[in-house]
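J.: After the sequence you'll find the predicted model.
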Amino acid sequence: MEKDMLKALVGFYSGLQTIQGKWAERCESVRDSLQGLQNFSEQLGHVFSKEIDNAEICGIENMREKLAFKIDLRMEEEISRIRGTIQSLGELNQELKNKLIHLEKVRSGVFVNDPSMKEIVQGTPSRPRLNLLLEWAIDAQHYYQQRYTEINESFKAIDKGKRETFVELMEAFQRHGEKAKLDRILGFTQYLAKEKIR
C-alpha cells in the first residue's frame with residue numbers, strides 16, 4: 001500500500017518535471033511561426049490598402065490577388081505548424097491529467113491510518129506531507145489545463161485579416177498565469193521526483 005502510493009507520487013511529480021520542460025520547449029518552438037503570422041497579416045493589409053491603389057504594381061492584372069494568394073498560402077503553413085504545437089500541448093496536458101487520475105485512484109485505495117503510511121502522510125525532510133502533495137498535484141494539473149484552454153481558445157479565434165488576433169495568440173503562448181506557484185511546487189517536490197522506489 002505504502003509502496004503503491006509512493007510510486008504514484010513519484011510518477012506524477014517526475015512526470016510533472018518532464019512535462020514542464022517539454023511545454024516550455026514547445027511554446028518556444030512556435031515563436032517564429034507566430035511572428036510570421038503577424039507579419040503576413042500586416043502584409044495582407046498593405047496589399048489591399050487604399051494607399052496603394054494608384055501604385056504602379058496595382059496596374060498589373062490580378063497582381064493584388066496573386067500577392068494575397070501567396071501570402072495566404074504562407075499563413076496556412078504557419079497556422080498548420082501552430083496547430084501541431086497546440087495538439088502536442090493538448091497531449092502533454094492529457095498525460096498529466098492521466099497521471100493525476102492515477103494518483104487519485106491509488107490514494108482512494110489506501111488507508112492513511114495504517115502505520116506503514118505514517119511517513120508518507122506526515123512527510124519527511126525531503127518529502128512534503130501527503131495532503132500537500134495531493135493538493136499541489138491538482139494545482140499543477142489545473143495550471144496546465146488553464147494554459148492549454150487559453151492558448152486553444154486564442155487559436156480558434158484567429159482571423160487572417162485581423163492582426164490583433166495573432167497578437168492575442170502570441171500573448172496566450174507567453175502568458176504564464178500562476179507560474180510562480182508551479183515553480184514553488186516543483187521546488188518542493190524536486191527530491192520526491194527523483195526518489196527511487198525499492
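T.: That came through, no problem. Because the structure is predicted, anything quoted here is derived from the model rather than measured. Residues are numbered from 1 along each chain as shown.
J.: contacts and neighbour counts: CA atoms only from here.
T.: Will do.
J.: For the longest helix seen in the chain, name the packing helices and strands.
T.: Among the elements of the chain assigned as helix by DSSP state H, the one spanning the most residues is helix 63-108. For helix 63-108, the elements it packs on are helix 2-29, helix 31-47, helix 130-156, judged by 3 or more C-alpha pairs under 8 Å, 6 or more residues apart in numbering; DSSP states H and E.
J.: Out of those, the one nearest N62 is which?
T.: The minimum distance between N62 and these falls on helix 31-47, with 11.6 Å, by C-alpha to C-alpha.
J.: L34 reaches E78, doesn't it?
T.: Yes. L34 is in contact with E78 according to C-alpha atoms under 8 Å; the separation is 7.4 Å.
J.: burial measure for L37, as a count.
T.: The local packing of L37 (other C-alpha atoms under 10 Å) involves 26 other residues.
J.: ok, now E153?
T.: Other residues lying near E153 total 12 when counted by other C-alpha under 10 Å.
J.: so what's it up against?
T.: The neighbours of E153, taking C-alpha atoms under 8 Å, 6 or more residues apart in numbering as the test, come to nothing; the list is empty.
J.: Would you quantify the distance from it to A172?
T.: If you measure E153 against A172 using C-alpha to C-alpha, to the nearest Å, the figure is 9 Å.
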